[in-house]
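Colleague: no FASTA, just this:
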């Protein structure tokens, strides 16, 4: 154990003396959080949407001193903080502006809108979306449908009140059902809440998956590994010491991410912090074996890096760090179940966001531990054999 | 008769189809400096790596201080010190930190280590640099610290793999003196690999000439030189600006010529035997219209012994040279043979 400590301390001393590397160690998670937190669309990202509105309704402006229904709609939209409205004259103008990228979507109120409504039929509103931005058009579509639904309900309310002046609660007739969405825990949630646990798990994973093979193959290349290998010590303590150093590095990054998530991105930690760190350690354990296997096979740093990239990319995307696995087709979901990172991410998310305790994540803990035990059991003999090629 | 500190028994190392070390056996006496001499790629480093328990032999084994390098590798590691081709130093640690780190790994007791670090640093005149990061050192300074690192655990057997590779002449001389000194003062057995004939000649009691994974000759330096027939062997060095293959084959066909080697396109060396060799050779070059601009003769060196024994021809050594230059480009600035 003393030698494990020696090797780890040596590695950390080297790490802390590498100023640029250390700066990167801190900057990387900041970039990571900032990037994934902001690039993905969320409801908040609809904050300032630019819209082109074409009112082709012929009745518009005919009645002096009184707005038509379509005119009322446009006024409604103009009053909403979330939209920047540009008024244009026709649907072709709307399409043109979307094509030129001047607006993110458009609304067209067709001709005869008011007269159709007045004749007792349903009025139709057209939402023009930008197909080159599917995420945005889906969100816009949802938001606009909801808005028009509300506006429609308000119109209906007025009409019913006009028809039956004695009615007390006309909305209950139009929409007898209403929805009230609540999270499992109180509070507002942003995409950062979803991302932070995944990024933490991923960073810790990367530190052992990339850091360990890179560190060992680097030492092999510059020749210092031989210096440790001729020492009359158990050779496992070399790799364990290196793992310890990389774990510390990973946990340091994990802590940074957690602090940033809370201070900069307003994430609230619902679960226990010791449990979060416990899970991160388990995350490390589940990956150490894979890291050692790569180390044993890779002759030089370049090969090690390539092997890691090949393994890491599918892991990153299939483990639900960036996208919920539930959105994926079933076969991809099955693959994702083979990746330890999926379990670490799920467990961390449950603890961090939902405030889950150990019983709620016991199955994830069991799977992670099993991954760790199996891979370590494969890795250690492999390492011992391959070190004396 | 002193006991053998190292007994190498029919050791083989294969990498795939390539045999790097091909059934080598030899003994090294306690307290001697034993040289393994050969060109780059001859298998010297592979042999050292196996003896230092860094690489597992494909077959055969060796005993170091009576311990088997395969079965009792951890015991062997308590006895040895290693200076390998690559420096075993961390650039971001200071000289002292490096020594302390390895000293602790090598199981040197704390107080003894402190004392020996001070003494050894003083011995190689590096005391004033002890708290400076190794990354700022010159190659020579690094190698001095690197060598004392291998001495921290007071090894009984010290492996030196090309210890003067890439060093300037002054440091090379210093390091050689230092190796001699530690061997004489501590009675440490030293195995030294080198491609420099001079180095082997200067330092080693016994020299094993390694070529293509085999030991092709093993003896003391004077005995090896005697191998080039009786006393009348000479080495002639010519500078022939228009040297070509016709002259080469003419020279080789002469009975008095033992071997021809080429330093560069115009500079050749001819090993010859017999009193009239000089005349015969010059006549032969002239007959092929060779213009001799310079000629000198000297006593045979280990290099000539090597040439004689391995039978390497000019073409072989030329390709070897190219290989070496390529390696030199990768950061190992060294010539195949330095005379």
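Modeller: Received, thanks. Being a predicted model, the structure only gives us computed values, none of them experimental.

Colleague: skipping adjacent residues, who's closest to residue B:146 in space?
Modeller: residue B:87 (5.0 Å; Cβ to Cβ, 6 or more residues apart in numbering or on different chains). Using the backbone N, CA and C atoms, a C-beta is placed for each residue, glycine as well.

Colleague: check the gap between the one you found and residue B:135 for me.
Modeller: Relative to residue B:135, residue B:87 is positioned 11 Å away (Cβ to Cβ, to the nearest Å).

Colleague: so which of these two has more stuff around it?
Modeller: residue B:87 (21 against 13; other Cβ atoms under 10 Å in any protein chain shown).

Colleague: surely that one forms part of a strand?
Modeller: No - looking at residue B:87 with DSSP: H, G, I helix; E, B strand; the rest coil, it is coil, so not inside a strand.

Colleague: need the contact list for it.
Modeller: For residue B:87, the contact set (Cβ atoms under 8 Å, 6 or more residues apart in numbering or on different chains) comprises A:222, A:223, A:224, B:142, B:143, B:146.

Colleague: and if you look at residue A:281?
Modeller: With Cβ under 8 Å, 6+ apart, residue A:281 has these contacts: A:247, A:251.

Colleague: for it, give its distance to residue A:244.
Modeller: 11 Å.

Colleague: same question, residue B:94
Modeller: Distance from residue B:94 to residue A:244, by Cβ to Cβ: 22 Å.

Colleague: where does chain A have low pLDDT?
Modeller: Low-confidence regions of chain A, defined by pLDDT under 70, span residues A:37-47, A:58-67, A:185-190, A:389.

Colleague: all the helices of the stretch 101-250 of chain B, in order from the start?
Modeller: For the stretch 101-250 of chain B, helices defined by DSSP state H, counting those that start in this stretch occupy the ranges B:110-123, B:139-151, B:169-186, B:197-203, B:221-226, B:245-252.

Colleague: ok, residues contacting the longest one?
Modeller: This means helix B:169-186. Outside helix B:169-186, the residues within contact range by Cβ under 8 Å, 6+ apart are B:31-33, B:123-124, B:139-140, B:143-144, B:147, B:151, B:154, B:158, B:160, B:163-164, B:167, B:188, B:190, B:192, B:199, B:202-203.

Colleague: now with 7 Å?
Modeller: For helix B:169-186, the external contacting residues (Cβ atoms under 7 Å, 6 or more residues apart in numbering or on different chains) are B:33, B:124, B:140, B:143, B:147, B:151, B:160, B:163-164, B:167, B:188, B:190, B:199, B:202-203.

Colleague: list the buried ones in that helix?
Modeller: Buried residues in helix B:169-186, counting neighbours by 16 or more other Cβ atoms under 10 Å in any protein chain shown, are found at B:171, B:172, B:174, B:175, B:176, B:178, B:179, B:182, B:183.

Colleague: now the residues you listed in JSON lines, with pLDDT?
Modeller: Shown next, in JSON lines, are the buried residues of helix B:169-186 (pLDDT from 0 to 100):
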{"residue": "B:171", "pLDDT": "88"}
{"residue": "B:172", "pLDDT": "90"}
{"residue": "B:174", "pLDDT": "89"}
{"residue": "B:175", "pLDDT": "90"}
{"residue": "B:176", "pLDDT": "91"}
{"residue": "B:178", "pLDDT": "90"}
{"residue": "B:179", "pLDDT": "91"}
{"residue": "B:182", "pLDDT": "88"}
{"residue": "B:183", "pLDDT": "90"}
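
Colleague: widest-spaced pair of those?
Modeller: Longest distance between any two of the buried residues of helix B:169-186 is 18.4 Å, between B:171 and B:183; criterion Cβ to Cβ.

Colleague: who in the stretch 151-300 of chain A is up against chain B?
Modeller: With Cβ under 7 Å from any Cβ of the partner chain as the criterion, the stretch 151-300 of chain A comes near chain B at residues A:222, A:223, A:224, A:226, A:227, A:228, A:229, A:230, A:231, A:232, A:233.

Colleague: in helices, which of these fall?
Modeller: Applying DSSP state H to those, the entries found in helices are A:222, A:224, A:226, A:227, A:228, A:229.

Colleague: over to the closest residue to residue A:350 other than its chain neighbours: give its phi and psi.
Modeller: Distance criterion Cβ to Cβ, 6+ apart; nearest residue to residue A:350, sequence neighbours excluded, is residue A:356 at 4.0 Å. For residue A:356, the backbone dihedrals (degrees, to the nearest 10) come out as phi -70, psi 150.

Colleague: gap between residue A:356 and chain B?
Modeller: The spacing between residue A:356 and chain B, counted by Cβ to the nearest Cβ, to the nearest Å, is 42 Å.

Colleague: for residue B:213, which non-adjacent residue is spatially closest?
Modeller: residue B:22 (3.7 Å).

Colleague: so what's residue A:203 up against?
Modeller: Neighbour list for residue A:203: A:29, A:250, A:253, A:254, A:257 [criterion: Cβ under 7 Å, 6+ apart].

Colleague: which strands and helices sit next to the top helix by length along chain A?
Modeller: Counting by DSSP H, the longest helix found in chain A is helix A:134-163. Applying 3 or more Cβ pairs under 7 Å, 6 or more residues apart in numbering or on different chains; DSSP states H and E, one finds that helix A:134-163 makes contact with strand A:105-109, strand A:126-129, helix A:170-174.

Colleague: so the residue nearest to residue B:213 makes contact with residue B:215?
Modeller: No - taking Cβ atoms under 7 Å as the definition, residue B:22 is not a contact partner of residue B:215, at 9.3 Å.

Colleague: in chain A, what residue is nearest chain B?
Modeller: Here chain A gets closest to chain B at one residue, residue A:223, 2.6 Å apart by Cβ to the nearest Cβ.

Colleague: packing partners for the helix or strand harbouring residue A:378?
Modeller: Using DSSP states H and E, residue A:378 maps to helix A:362-387. Judged by 3+ Cβ pairs under 7 Å, 6+ apart, the packing partners of helix A:362-387 are helix A:273-297, helix A:340-354.

Colleague: okay, those, which one's buried deepest?
Modeller: The highest mean neighbour count among the helices and strands packed on helix A:362-387, using mean count of other Cβ atoms under 10 Å in any protein chain shown, belongs to helix A:340-354: a mean of 25.

Colleague: and that one, what does it pack onto?
Modeller: helix A:191-206, helix A:273-297, helix A:362-387.

Colleague: how far off centre is the first one?
Modeller: What it means is helix A:191-206. Helix A:191-206 has its C-alpha centroid displaced from the chain centroid by 8 Å (Cα atoms, centre = their mean, to the nearest Å).

Colleague: cool, stretch A:311-322 as well?
Modeller: With Cα atoms, centre = their mean, you get 12 Å for stretch A:311-322.

Colleague: where's the closest residue to residue A:68 other than its chain neighbours relative to residue A:123, distance?
Modeller: Of all residues not flanking residue A:68 in the chain, residue A:114 sits nearest, at 4.4 Å (Cβ to Cβ, 6+ apart). The span separating residue A:114 from residue A:123 equals 8 Å under the rule Cβ to Cβ.

Colleague: more neighbours: which of those two?
Modeller: residue A:114 (23 against 20).

Colleague: mind checking the SS state of the more buried one?
Modeller: Secondary structure state of residue A:114, per three-state DSSP, is helix.

Colleague: that one contacts residue A:72, correct?
Modeller: No - in this structure, residue A:114 is not within contact of residue A:72 by Cβ under 7 Å, at 9.4 Å.

Colleague: show the pLDDT at whatever residue of chain B ends up closest to chain A.
Modeller: Closest residue of chain B to chain A, Cβ to the nearest Cβ: residue B:86 (2.6 Å). As predicted, residue B:86 sits at a pLDDT of 88.
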